[in-house]
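> need coordinates for the below:
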Amino acid sequence: GTDSDASSSWGNTQAQELESSEAFTVNSTGPSLTAGSLSGSSFTSCSGSSGGERSFSVTGSSLTGDLTVTPPTGYEVSTTSGSGFNSSSITLSESGGSVSTTVYARLTSSASNSASGNIAISGGGATTVNVATGSGTVNSAPTVNAGSDINYSAGATIALDATVSGNISGTYTQDFSTIS
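Residues are numbered from 1 along each chain as shown. Predicted coordinates:
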């Protein structure tokens, strides 16, 4: 072989490799992560109590690992409505590179009025997605003063006057039939 034969041979090999690679189509978009909008209109709670829940969807594809959901200060998150809330973070496990679940969020019992920030969803090789909480409202606990002791005789009728301050909703009832 001459130098021209060597380059010709290399050129044919390169052409064969190109022809082989053209038989394959590769579509790779990489890890993808999306979060839906929060349900409801705002986060609210009463001082000393956890707030009402709001939820949002999380969907991921082509993930390379689990996702971590981290709430801002004053908030807690869970994947179960009514229980399992954590104020530091929760893990969303991927299966076959995918995640599709609902995340529940609420104000913690120790939240400050106007608590706000982003709930961050990160990991799995995807770009972090933030869900803004807006400004949470923590109402002061209501107080009730029913006045002084009341003398009661069996079969008699009693009347109570009460003063309520703060935010309160619903109806409070007391069954006096078992008081002796």
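
> any low-confidence regions in this protein?
1-28, 144-152, 158-180 (pLDDT under 70).

> how about the helices in the protein?
3-21 (DSSP state H).

> what are the ranges of the strands in it?
Using DSSP state E, the strands found in the chain span residues 32-35, 44-46, 54-61, 67-70, 75-78, 90-92, 99-107, 118-123, 126-132, 137-139, 143-145, 163-165.

> among the ones you listed, which is nearest Ala154?
strand 143-145 (26.0 Å; Cβ to Cβ). Where you see a C-beta, it was placed from the backbone N, CA and C, and this is true even at glycine.

> of all the strands of the chain, which gets the most neighbours per residue?
Most buried of these by mean neighbour count (mean count of other Cβ atoms under 10 Å) is strand 75-78; its value is a mean of 22.

> what about dumping the CA coordinates of it to CSV?
Only the C-alpha atoms of strand 75-78 are listed here, as CSV (Å, rounded to 0.1, in the frame of the first residue of the first chain):
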residue,chain,number,x,y,z
TYR,A,75,-44.8,26.1,55.6
GLU,A,76,-44.9,22.3,55.6
VAL,A,77,-45.5,19.8,52.7
SER,A,78,-46.8,16.2,52.3
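
> which other helices and strands contact it?
On a contact count with 3 or more Cβ pairs under 8 Å, 6 or more residues apart in numbering; DSSP states H and E, strand 75-78 meets strand 99-107.
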